[in-house]
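Chemist: Below are the sequence and a predicted model; questions follow.
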Amino acid sequence: MARAKFKEPRTGGSATVVVGVSSGGMDALTRLVAQLPESFPAPMFVVQHMSADTTGDALVHAINKHGKLVCTHAQDGEKFVGGHIYLAPSDHHLMIGKGKILVTKGARENRSRPAIDPLFRSAAVAYGNRVIGVLLTGYLDDGTAGLTAIRRCGGTCVVQDPQDAAYPDMPQNALNRVKVDYCLPLAEMGALLSKLVQRKFGGRKPVPRDIAIEAKIAERVLSDVRSVDALGKQVPFNCPGCGGVLWKVEKDKSLRYRCHTGHAYTAPVLLAEQTAKVEETLWVALRMFEERRNLLLSMHTSLDGPGYRSASERAKESEVHIKRIRAILNSGDKATDDDVSEH
């Protein structure tokens, strides 16, 4: 196996495999790549949700340790080859074009960078029916819109069986909204992919205009009001990422929103972001009311007297507001997995 790691990569094969995974990703990816043969002909591009301060080196090392294919961090402008795995760098989106990799630091989608949807969408635009999209374990629903794009461009959609996933939300949400081609346990996925990449592919379908526009927005080629206007109508919500106006993407059967600077949200993720903003605002309000009460109490002796309203009375009014805000914060009105399942 060690010698195989340094063999010249293959350029043959016409299929392109894109994989999206979130929570539980390291275990899922290492189990998947361990099933792929050394002769696997297609390039594989992987987005694993990770924080900006994570290098991703541990995941690259784990994939190389357990699999027969070479895995590296994707590099902007790099020409990709078959039989190689390319991992999205932390805090950057990974996209692909005709034979070339694009790594950008564009706006977050579904609160993530790297995000799964930009990769899936770019692959669908570039390679149409030759794309095999794979969605594995994770929270929320990043990847659902990307699988929809792959489906609409004639590609193949593969989803891990939610009962087999460590975190079933992401595959389950995809199953709820996309007519996938295969839903199966991880242990059977390697054999399936090995068969799918060997197929003969017919003619391509035209790329729908809205998918092409979103792909260009993610590449930062387009980022203006006119381009987003073509996707849908403005809605009375603000973008949590930049404060700008949001547009509802009308071609998508599920609720999804975009702003003109590039941020994108599914409805559950937007709800989670709004809830977080509300909680943040309430904590600020609580702090300000507590400081006001404390200041009034400290001023009680000097201010109380003829012509002044009692500072202690105003402090009691602040205490009423403090109790109300604390009650809201303690009510547990936070975005949970239930928010996702309701949509």
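Modeler: Received, thanks.
Chemist: I'd like the average pLDDT over stretch 202-218.
Modeler: Stretch 202-218 carries an average pLDDT of 90.
Chemist: Sticking with the closest residue to residue 116 other than its chain neighbours, tell me its helix or strand.
Modeler: Closest residue to residue 116 apart from its sequence neighbours, by CB to CB, 6 or more residues apart in numbering: residue 20 at 3.3 Å. C-betas here are computed from N, CA, C, even on glycine. Assessed by DSSP states H and E, residue 20 sits inside strand 16-21.
Chemist: Just the buried residues of the helix or strand just after that strand, please?
Modeler: Scanning forward in sequence from strand 16-21 by DSSP H and E, the next helix or strand is helix 25-33. Of the residues in helix 25-33, 25, 28, 29, 30, 31, 32, 33 count as buried by neighbour count, 16 or more other CB atoms under 10 Å.
Chemist: how near is the closest residue in space to the fourth one that isn't next to it in sequence to residue 34?
Modeler: Okay, so that is residue 30. Leaving aside its sequence neighbours, residue 30 sits nearest to residue 66 (CB to CB, 6+ apart; 4.3 Å). Residue 66 is 5 Å from residue 34, where distance means CB to CB, to the nearest Å.
Chemist: what's the answer for residue 65, then?
Modeler: From residue 65 across to residue 34, the span is 9 Å (CB to CB).
Chemist: cool, residue 197 as well?
Modeler: For residue 197 relative to residue 34 (CB to CB), the value is 17 Å.
Chemist: Name the residue in those two with the higher neighbour count.
Modeler: When neighbours are counted by other CB atoms under 10 Å, residue 197 and residue 34 differ, and residue 197 comes out ahead with 22 against 13.
Chemist: Contacts only, for that one.
Modeler: For residue 197, the contacting residues are 13, 15, 17, 40, 41, 42, 132, by CB atoms under 8 Å, 6 or more residues apart in numbering.
Chemist: With residue 124 instead?
Modeler: 131, 133, 146, 149, 150, 152, 153, 155, 207, 211, 215.
Chemist: same thing but at 6 Å, please
Modeler: 131, 149, 150, 153, 155 (CB atoms under 6 Å, 6 or more residues apart in numbering).
Chemist: From the chain's centroid, how far away is the helix or strand where it lies?
Modeler: Per DSSP H and E, residue 124 falls inside helix 116-127. Distance, stretch centre to chain centre, for helix 116-127: 13 Å (CA atoms, centre = their mean, to the nearest Å).
Chemist: what angle separates the helix or strand just after it from strand 16-21?
Modeler: Downstream of helix 116-127, the first helix or strand assigned by DSSP H and E is strand 131-135. Angle, strand 131-135 to strand 16-21, by axes from the mean of the first three to the mean of the last three CA atoms, to 10 degrees: 10 degrees.
Chemist: outside of strand 131-135, which residues touch it?
Modeler: Against strand 131-135 from outside (CB under 6 Å, 6+ apart): 15-20, 120, 123-124, 143, 147, 150, 155-159, 171, 174, 196.
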